[in-house]
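Q: model this:
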Amino acid sequence: MARKSLYERLGGKPAITAVIDDVIGNVAADARIDKWFAGTNIPRLKTMLVDQICEASGGPCKYTGQDMVDAHRGMKINGGEFNALVEDVVKSLDKFKVPARKKNELLGALGVLKPQIVGH
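A: Numbering: from 1, shown residues only. Model prediction:
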């Protein structure tokens, strides 16, 4: 029997969407990084994040946004700001009681994006 994908083990698109909705709320309340999201089309951002996490976790979604370097070019995001976002994601994952193994798998899949986001 094949092992289920992380996407399936997380609960699929409805669960990912719920977490992302919560993450957006965390980010909006986080003075360390809220400036990066001011003026952002939040519904589009949510859709892009859900699709990105869905795809990264082995789901059927296809992320169609810009690559991370182009999306963050000129922003000069630093490591502390990236880590603040990760903390906001972890806060939401904890709220939804995502077990440590699944949480670490997901953070690992997203962590590879750091060099594409920080410093550009």
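
Q: Tell me the secondary structure at residue 64.
A: coil (DSSP: H, G, I helix; E, B strand; the rest coil).

Q: Check residue 60 too.
A: Applying three-state DSSP: residue 60 is coil.

Q: What's the local residue count around it?
A: Residues within reach of residue 60, counting by other C-beta atoms under 10 Å, total 10. All C-beta atoms are positioned from the backbone trio N, CA, C, and that covers glycine.

Q: Quick check: the gap between the residue nearest to it when sequence neighbours are not counted and residue 41.
A: Using C-beta to C-beta, 6 or more residues apart in numbering and skipping residues adjacent in sequence, the residue nearest residue 60 is residue 54, 7.2 Å away. Between residue 54 and residue 41 the distance is 19 Å, computed by C-beta to C-beta, to the nearest Å.

Q: Looking at these two, which one has more neighbours?
A: Legend: neighbour count by other C-beta under 10 Å for residue 54 and residue 41, higher for residue 54 (21 against 9).

Q: Could you check the pLDDT of the more buried one?
A: Looking at residue 54, its pLDDT is 96.

Q: Now do the contacts for the residue nearest in space to the middle of the chain.
A: With distances taken as C-alpha atoms, centre = their mean, residue 49 lies nearest the centre of the chain, 5.7 Å away. Contact analysis of residue 49 by C-beta atoms under 8 Å, 6 or more residues apart in numbering lists 20, 23-24.
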